[in-house]
Every structure is written in structure tokens, then in C-alpha cells.
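Enquirer: Here is my input; please provide its structure:
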Amino acid sequence: MPRRLAVCLLLAASAAFAAVTRVDVTERSNDAGYERIVGKVYFSVDPKLAPNRIIADIGLAPRNAEGKVEFSADLYMLRPLDPTNRNGTAFVEIPNRGGKGIGVFDLGDHFLLDQGFTLVWVGWESDVPPKPGLLRIDAPIATNNGQAIHGLVRSEWEGTQRVTTIPLGDRDELGYPVADAQDPANKIFVRETIEGERRLIPREQWTFADPTHVTMAAGFDPGKIYEVVYNAKDPVLVGLGPTAVRDTVSYLKYGGVDTPIDSFHKDIQRTLGIGFSQSGRFLRTFLYDGFNQDEKNRRVFDGVWASIAGAGRGGFNARFAQPSRDGNPFFNIFYPVDVPPFSDEGGLLANAIRTNTVPKIFYTNGSYEYWGRDASLIHTTPDGKQDLAPAKETRIYFFPGSRHGAGSLPPRHPEAQNLDSPNDYSASMRALLIAMQAWLKDGKQPPASVYPQIAKDQLVPVGAYAFPKVPGIATPRYNRRAFRLDFSIEPPSVGTPFPTLVPQVNLDGNETSGIHMPEIQVPLASYTGWNLRSSKIGAPDQLFTQAGSWIPFAATKAERENRKDPRLSVAERYPTKQDYLDKITAAAQQLVQEAFLLDRDIPYLRDRAAKEWDYVIERDASGPRP
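Expert: Below is the predicted model:
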């Protein structure tokens, strides 16, 4: 066979499996030593290939002349301009509702790029509104031989103020349009609590303002949960979202057709997928569904880091799926978000094991994820009675005293009963990223898992949670639970919940397990992963979504005794501010020895601690708390 013909046949065979068909670049620029690429990546996938048959409704997608399914997604990339500064790893952040969230690694020093990572974002979510700066996917609509597909969709709403119109989508995301506004299947229910009785609101009291909004003259009240159940139409092939991520990362790692970013994959030897909250749940679902195997049966992500995702997955690959529905303590409850299997050993990695595509995995969670995201289920048996060790290629790390994500100073003041927890574990995340890179590149084992365990009395039912009795501070009576749900009937059948546990605390109200940041080791307050809703927004006995609590100690012994606060005052713990800061430094240095902190970040933590000290002392001196 002539060599030229052989090469042509080889290229044709390669193209037949090239899910990425082209990349259109709309911006290519250099900025302070970094190269930026903005554009759109185009795909064409064969629905007959086994790795594509896991895509929900792929057989109902429109096809091109070659029998393939076409779609496109937004792309954003950054990398060091100097090739010698690149470390060979693509850091692929899964956008959270279209946005970028890597600020947790940036303490003002461009840490990720300075470490040499190539940063990649791919739009995967079709219900993200088309706004500047947000990344989304343009996915086709499933049809039945050209006929519109209908189905019941549930849209839940809970607010902090009274309104007369609510969207069918979650927050600002686009909802599925109603098929027929007069359909008797369209209903609205209201209830006061998660498991409370659903009451049907008479049909004459509300109407569809447009295909994606509902209006009720009497208003939708805060502190209540409203459910709109309606006959929707035109389901998007939501499963093409993880497909876009899979195929873009595979292209960057292995190459394929020539594109304007062809040089990128030549620098990439390893791929790390990271996601926070919703996008962390996306990655857990990505692994469970089997998307870590590409069209040529190769591993896509070498490493996966699902952060503050708890035990959740989500609606990322199903008909009429709603990717933005997230499962919170007081709303978005009965969605397929917290559903088994929850743990690696319980079956989450079954498909990755079967296809030999298991990546190295980090799970990082804070206190809030145990109160509001069922995090205990990733390392306990489903009955909540025994610990489960993580899989061989998995590490689990717990950051005590934290809200949903890193906290800030001064503490946030949400519409809740307490100030939000300011605990900031960003610096430790940086150290863990260095550990993950060494694990991927050199096979160097990262620090052992650190998380609360039942056997050590660190993980307990809410009824055994021993928070100190601080006057004026109410404590939660429950945490979010994962329910056994049956969606084959309407309304869904709600069975017995899976027991979910919370980290135990010491006499200061601070948790006894986990990676204790210096702020928690040398405390000025009780730092929790829970907060309760303010009476101003209703349901004051319910957990406030995504917030923790910051309950400072009294400044002096006299003030503590006056308040009848059982916790030692600041003055009783630290004779001077300098003594406090010295203890902060010592705690940070110990974390450096344990590879949970970088030496370069100690000054940042010390400076932050000084500001928190001033805030506590000045706040205490200013009089009663707000």
C-alpha cells in the first residue's frame, strides 16, 4: 500500500473517533506572561459507540448526514506564555453555573499560573442564562421522530421576601417551558417544612405569566416551600454537558484533529478535574455514570477533586434534568441529588473500576457539608453505624469550623441568627494542590485522609451534638438528610432517610476532628458549619443555606461572667495579642510539617489572624451584639 494512502486512511480512522471537530477562537491574547484563549469548541459524537450510549436520550437527538450528534460549548483557557514555565498538567475547573471559582487558590499571587498549570474551562450547562462571562453549552433538544417530547417537571421555590412572580428555573437559570398552560396536570403545592404536608393551591389563584414564570396575586411568602408541578416540553440533552467535558479534556490530553489550540495538548501530560459545590457533584456524577472513559476507551481525568460537594450528585444526565437543583437544608429537597451510592466503596466508582479509568481522587468538605450536604455518607455505611475507609486511590479531607466555602473577614452577616463563619482554609487547599500534582506527576503519596470517624467519637447524630449552652444561641435540631425517593409516582414517594451524622465539638463549640487551620486551633470564637434562619425571613428553626456561624468569645473574664458564657474569654486564653499571634504561627508551622500548609502562606495567615483579633476586641468593646 502506498505510504500516502496509508497515512490518509490513518487520518480518516482517527477523525472517525474525533469527537472534537473544530475550535473557533474569538480571542487570543497575552497578558503579563500568560496566554489567553477564548472561543467555542464543536463536537460530533457517534450515538452507536458504547461510551456514548450512556448519554441520556442520545437516540432521540437530531443527527447530521453522517448519523452523528452535533453540539458546541464555550471554551476559556489560560497558560504560561513561556513553555519552560508549564508543568504539564491541565487544571480543568468545571464551571459552577457558568462561572469560574478558582479564587480559593488565589491569595493575590496568581498561584495556579505561577505553578505552571494550564487552566481550562468548558461550558457544560444548557440552563445557564446567556450572559457575558458565563460559559454554557449549546445542546440540541430531544424529539420523538420530530414530535415534541412532554413530561412532568418539578420546580421548587423558597425565598427571603414576598414576591408575586417566581421562575420555573432554579435561581437565575433557565427553566423548561410549560407545554400547555391550561393542562390540569399543572399544580402548585405549598408546605411549611421539608417533610410537612403538601397543600394544593387552588388553580384559580395562580397563572403562568409566560412559559417560564408563574404569578399569584396573593404572593409567595418567605419561609415556605412552593412546588410547581407542570407539563413541560422540549427536554435538552443535558447529558451532552459531561460529554463536552469528557471530549475536550480527551482532546487536550491525546490530540485529534488540527485546531488553533493544537499546541496545547502537546504540553499536557496529565489532567486534573476540579469542581466546587455543584461542579463537585458534577464530577462525582461524571465518575458514576462512566464519563471518565472517552470514545477510545482511554482514561480522561488522571485526577479528580470534588470539593464541598458532600455526598451529592445531581441532574446532569437525564431527561428533563435540572442541573442547578442542588439540595439544600430547606429547599430543593426532593430532587435526585443525594441518592445512593454515596461512597467509593458503595459503588460510586463501579463504572470507572470496570473500565479501568479510576483517577486519583480528593474529596474536601467543610463543616457545612456535614450539616447541609450529607457529607458523612461518603465515609460511613448507609445505615450510619460504621465507618467506611476511602478507596485506595482516594483521600478525604475535612476542614472544621467552616461555611460552604472559605469564609471572609469581616464575617458576613447573612439573613440568619448569627454572623457567618470567617474560617478560611484556602491556604491549605493550595498545599493540597501541590500534593495532588506530586501524586499525579511523580507518584508521591499525599497526606493520609483526615476526617471525622464514628469509632473515635468524632461523628455523631445531631441528638448527641454537644455544643456549649451559650446564652442567646439556638442550636439546630436536625441536619439535612438524604431521603429514599421514588420518582415513578407523583408526587414522589419519600421513604426513610439515610442517617447522616455531624462532627462532634469540644467545650469551646469547635469540632474535634479534621485539618484544623490556625484560626481553629487558636480560637477566638466558636466556628460552626450551621446557622439558623432569621425570624425576619421566616422558619427560624430551619437551617440557613450555605452559612456557618461565628460566635465570638467574650473579651474579658468579667464580661464572660456577666454574659454567663461557659467558654473562656479571650483574655483568659491569651495574655496579649502577641501571645495569640505566636500561637497562630506555631500552629501554622505544624501544618507545614504535615504538608497541609505551605511555608510561604504563614505570613498571610498571621496577618489575617491579627485582623480577626482586632475585630473581636473592638466588637466586644462597642457594646451589645446586633
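
Enquirer: so what's residue 542 up against?
Expert: Applying CB atoms under 8 Å, 6 or more residues apart in numbering to residue 542 gives the contacts 193, 329, 330, 532, 533. To be clear about C-beta, it is placed using only N, CA and C from the backbone, and glycine gets the same treatment.

Enquirer: so how far is residue 382 from it?
Expert: 25 Å (CB to CB, to the nearest Å).

Enquirer: And the longest helix along the chain, what's buried?
Expert: Identified as the longest helix of the chain according to DSSP state H is helix 602-621. Neighbour-count burial for helix 602-621, counted by 16 or more other CB atoms under 10 Å, picks out 602, 604, 605, 608, 609, 612, 613, 615, 616, 617, 619, 620.

Enquirer: my read: the fifth one touches residue 517, true?
Expert: It refers to residue 609. No: counting by CB atoms under 8 Å, residue 517 is not a contact partner of residue 609; they are 9.8 Å apart.

Enquirer: can you list the weak-confidence ranges in the chain?
Expert: Along the chain, the model assigns pLDDT under 70 to residues 1-18, 490-491, 620-626.

Enquirer: can you tell me which residue is nearest the centre of it?
Expert: In the chain, the centroid-proximal residue (CA atoms, centre = their mean) is residue 277; its distance is 1.1 Å.

Enquirer: Does that residue touch residue 308 like I think?
Expert: Yes: with contact defined as CB under 8 Å, residue 277 reaches residue 308; the gap is 5.1 Å.

Enquirer: Which neighbours do these two have in common?
Expert: Joint contacts of residue 277 and residue 308 (CB under 8 Å, 6+ apart) are 404, 405.

Enquirer: so how far is residue 47 from residue 199?
Expert: Distance of residue 199 to residue 47, computed by CB to CB: 44 Å.

Enquirer: When those two are compared, which one has more neighbours?
Expert: Ranked by neighbour count (other CB atoms under 10 Å), residue 199 and residue 47 place residue 47 first, with 16 against 11.

Enquirer: can you tell me how far the residue lying closest to the more buried one once chain neighbours are set aside sits from residue 243?
Expert: Setting aside the residues directly before and after it, residue 47 is nearest to residue 58 in space (CB to CB, 6 or more residues apart in numbering), at 4.5 Å. Computed as CB to CB, the residue 58 to residue 243 distance reads 9 Å.

Enquirer: what residues are shared contacts of residue 609 and residue 517?
Expert: Counting by CB under 8 Å, 6+ apart, residue 609 and residue 517 have no common neighbour.

Enquirer: how about the strands in the stretch 351-500 of the chain?
Expert: 360-366, 394-399, 459-460, 482-486, 493-498 (DSSP state E, counting those that start in this stretch).

Enquirer: quick one: terminal-to-terminal distance for stretch 205-220?
Expert: Start and end residues of stretch 205-220 are separated by 11 Å (CA to CA, to the nearest Å).

Enquirer: One more: stretch 346-359?
Expert: Start and end residues of stretch 346-359 are separated by 17 Å (CA to CA).

Enquirer: Next, the buried residues of it.
Expert: Buried, per 16+ other CB under 10 Å, within stretch 346-359: 346, 348, 349, 351, 352, 355, 357, 358, 359.

Enquirer: Next: stretch 201-211.
Expert: In stretch 201-211, the ones that count as buried by 16+ other CB under 10 Å are 201, 206, 208.

Enquirer: which one of those residues is nearest residue 54?
Expert: Among those, residue 208 lies closest to residue 54 (CB to CB), at 34.8 Å.

Enquirer: which residues in the stretch 401-550 of the chain form helices?
Expert: Applying DSSP state H, counting those that start in this stretch to the stretch 401-550 of the chain gives helices spanning 426-442, 518-521.

Enquirer: what's the most buried one of the ones you listed?
Expert: Highest mean neighbour count of the helices of the stretch 401-550 of the chain: helix 518-521, a mean of 23 (counted as mean count of other CB atoms under 10 Å).

Enquirer: That helix packs against which elements?
Expert: Packed against helix 518-521 by the contact rule (3 or more CB pairs under 8 Å, 6 or more residues apart in numbering; DSSP states H and E) you find helix 577-593, helix 602-621.

Enquirer: how about TSV for those helices, with distance to residue 436 added?
Expert: Listed next are the helices and strands packed on helix 518-521 as TSV, based on distance: least, CB to CB, whole Å:
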stretch	distance to residue 436
helix 577-593	17
helix 602-621	21
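
Enquirer: now for those, which one comes closest to residue 108?
Expert: When the helices and strands packed on helix 518-521 are ranked by proximity to residue 108 (CB to CB), helix 602-621 comes first, at 8.4 Å.

Enquirer: which strands and helices sit next to the closest one?
Expert: For helix 602-621, the packing partners by 3+ CB pairs under 8 Å, 6+ apart are helix 518-521, strand 549-552, helix 570-573, helix 577-593.

Enquirer: okay, the angle between that helix and helix 426-442?
Expert: Interaxial angle, helix 602-621 versus helix 426-442 (axes from the mean of the first three to the mean of the last three CA atoms, to 10 degrees): 160 degrees.

Enquirer: chain center to helix 602-621, what's the gap?
Expert: 29 Å (CA atoms, centre = their mean, to the nearest Å).

Enquirer: Could you export that helix as PDB, CA atoms only?
Expert: Output of helix 602-621 as PDB, limited to C-alpha atoms (Å, rounded to 0.1, in the frame of the first residue of the first chain):
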ATOM      1  CA  ILE A 602       2.200  31.700  57.000                       C
ATOM      2  CA  PRO A 603       2.500  35.500  56.800                       C
ATOM      3  CA  TYR A 604      -0.900  35.700  55.200                       C
ATOM      4  CA  LEU A 605      -2.500  33.600  57.900                       C
ATOM      5  CA  ARG A 606      -0.700  35.600  60.700                       C
ATOM      6  CA  ASP A 607      -1.900  38.900  59.200                       C
ATOM      7  CA  ARG A 608      -5.400  37.500  58.900                       C
ATOM      8  CA  ALA A 609      -5.400  36.400  62.500                       C
ATOM      9  CA  ALA A 610      -4.300  39.800  63.600                       C
ATOM     10  CA  LYS A 611      -7.300  41.400  61.800                       C
ATOM     11  CA  GLU A 612      -9.700  38.900  63.400                       C
ATOM     12  CA  TRP A 613      -8.200  39.700  66.900                       C
ATOM     13  CA  ASP A 614      -8.800  43.400  66.400                       C
ATOM     14  CA  TYR A 615     -12.300  42.700  65.100                       C
ATOM     15  CA  VAL A 616     -13.200  40.600  68.200                       C
ATOM     16  CA  ILE A 617     -11.800  43.100  70.700                       C
ATOM     17  CA  GLU A 618     -13.300  46.200  69.000                       C
ATOM     18  CA  ARG A 619     -16.600  44.500  68.600                       C
ATOM     19  CA  ASP A 620     -16.800  43.400  72.200                       C
ATOM     20  CA  ALA A 621     -15.900  46.900  73.400                       C
END
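
Enquirer: Now tell me what touches it from outside.
Expert: 107, 409-411, 422, 424, 427, 517-519, 522, 524-525, 552-555, 559, 570, 577, 580-581, 584-585, 588-589, 592, 597, 625.

Enquirer: cutoff 6 Å now
Expert: 107, 409-410, 427, 518, 524, 552, 555, 577, 580-581, 584-585, 588 (CB atoms under 6 Å, 6 or more residues apart in numbering).

Enquirer: quick check, nearest of those residues to residue 54?
Expert: Nearest to residue 54 among those, with distances taken as CB to CB, is residue 427, at 38.4 Å.

Enquirer: Was I right to think that closest one contacts residue 599?
Expert: No: the pair residue 427 / residue 599 is not scored as a contact, 10.7 Å apart, by CB atoms under 6 Å.

Enquirer: can you confirm residue 248 is in a helix?
Expert: Yes: using DSSP: H, G, I helix; E, B strand; the rest coil, the assignment for residue 248 is a helix.

Enquirer: Good, wrapping up.
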